[in-house]
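Asks: Sequence plus the predicted model coming up.
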Amino acid sequence: MTPECIPCLLGRVLFESELCAPQLAAEAMREGLAALRENYVPGANSAEVATKVHRRVYDALGCEDPYADLKEKSDVVAASLLDRARDFIERSDDRLEAAVLVSIAGNVMDFGIPGHDDPEQLRNDLDGILAQGLDINDVDRLRQMLGPGRTVVYLTDNCGESVLDRLLVEELRSTGTTVVGVVKGAPVLTDVTMAEAPRAGLDRAFDEILTTGMFAVGLDVDRANDRLRSLLDEADIIIAKGMANFESLSDANIGPIIYLMRAKCRPVAQAIGARKGDNVAKLFA
């Protein structure tokens, strides 16, 4: 966690307060600041701190899911773009790389971050993101880990984004690979939970789908149940979508793992060896 993370995190607190209970925004900010004061210490993991902040803030707001309406709208917008995205994959010389890029394009649907305010933004941004291509491209290394008898654990991220993830899951499964999807165990930020999975078509896309079993920004491996931990340990490759999964798992001893994300902030971009605004498919083995 860097000092730059603090105003970003507090900006999210204000954003979700205004979505849920504007009259309680001051109390939510006080709770967020208190959680930061207690947990922002040298060497702190940004996702772990964010989890504690948002837990306090959600409780203060009395709101189980401040982002519920935005999540639904994101799924609707993404579903309307599926044909455009599928056509891009069909026209590509490398279907797997194209599907990875489509899934990364969906990662812009992450609200509360400056410059990411409206699901409709993806309609205008999609073609440009796809034309940009992958700035860090480890897709060939991913390809080598797929095939009959292989298993991928797919850690999902945001609603909307998860609709476009279906196209990548289709490509992965077409190789004979078993793909197990993981959604959040409780509403946190704009991430998909089991409640939204059918709306996004994820219940039909994956060979199996389970939850993290927890309220957490990203995934806290130390709190994972035995089933999930076993899957993570035994997977041939883990696919982790989005910055929060990278932030939370960067300290965890699991892998091989490939992070698929749009690098939307400077600290995460620097940590993964990219530039802000890059499309990243980075594999760590």
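Replies: The structure has been received and is ready for your questions.

Asks: burial count for residue 133?
Replies: The number of residues packed near residue 133 is 11, by other Cβ atoms under 10 Å. From N, CA and C alone the C-beta is placed, and that goes for glycine too.

Asks: Surely it touches residue 279?
Replies: Yes. Counting by Cβ atoms under 8 Å, residue 279 is a contact partner of residue 133 at 6.8 Å.

Asks: Just give me the residues shared between the contact sets of the two.
Replies: Counting by Cβ atoms under 8 Å, 6 or more residues apart in numbering, the residues touching both residue 133 and residue 279 are residue 101.

Asks: Show me where this structure has its strands.
Replies: Secondary structure of the chain by DSSP state E: the strands cover 136-137, 151-155, 178-183, 208-211, 237-241, 257-262, 279-284.

Asks: quick one: which of these is nearest residue 43?
Replies: For these, the distance to residue 43 is smallest for strand 279-284, at 19.9 Å, taking Cβ to Cβ.

Asks: And that closest one, what does it pack against?
Replies: Applying 3 or more Cβ pairs under 8 Å, 6 or more residues apart in numbering; DSSP states H and E, we find strand 279-284 packed against helix 95-105, strand 136-137, helix 139-143, strand 257-262.

Asks: confidence score at residue 210?
Replies: On pLDDT, residue 210 comes in at 97.

Asks: want to throw the helices and strands packed on strand 279-284 into CSV with distance to residue 76?
Replies: What follows is these, written out as CSV (distance: least, Cβ to Cβ, whole Å):
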stretch, distance to residue 76
helix 95-105, 17
strand 136-137, 31
helix 139-143, 29
strand 257-262, 20
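
Asks: Quick check: beta-bridge partners of the residue nearest to residue 206 when sequence neighbours are not counted?
Replies: Setting aside the residues directly before and after it, residue 206 is nearest to residue 181 in space (Cβ to Cβ, 6 or more residues apart in numbering), at 3.7 Å. Taking DSSP bridges as the rule, residue 181 bridges to residue 154, residue 209.

Asks: residues contacting residue 181?
Replies: By Cβ under 8 Å, 6+ apart, residue 181 lies in contact with 154, 156, 169, 197, 202, 205, 206, 208, 209, 210.

Asks: Just give the number of residues close to residue 68.
Replies: Look at residue 68: counted by other Cβ under 10 Å, it has 17 neighbours.

Asks: shouldn't it be in contact with residue 190?
Replies: No. In this structure residue 68 lies outside contact range of residue 190 using Cβ under 8 Å: 9.7 Å.

Asks: Tell me the spacing between residue 69 and residue 75.
Replies: Applying Cβ to Cβ, to the nearest Å, the value for residue 69 to residue 75 is 11 Å.

Asks: next one: residue 152
Replies: Counting by Cβ to Cβ, the separation of residue 152 from residue 75 is 23 Å.

Asks: How about residue 28?
Replies: 26 Å.

Asks: which one of those two has more residues nearby?
Replies: Neighbour count, other Cβ under 10 Å: between residue 28 and residue 75, residue 28 has more, with 26 against 23.

Asks: Tell me which residues touch the more buried one, please.
Replies: By Cβ under 8 Å, 6+ apart, residue 28 lies in contact with 13, 14, 16, 17, 21, 57, 60, 61.

Asks: Contact partners for the residue nearest to it when sequence neighbours are not counted?
Replies: Distance criterion Cβ to Cβ, 6+ apart; nearest residue to residue 28, sequence neighbours excluded, is residue 17 at 4.4 Å. Counting by Cβ under 8 Å, 6+ apart, residue 17 touches 24, 25, 28, 29, 57, 61, 66.

Asks: if we can go back for a sec, could you dump the contacts of residue 28 into TSV with distance to residue 35 added?
Replies: Formatted as TSV, those follow (distance: Cβ to Cβ, whole Å):
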residue	distance to residue 35
13	9
14	14
16	14
17	14
21	18
57	8
60	10
61	13
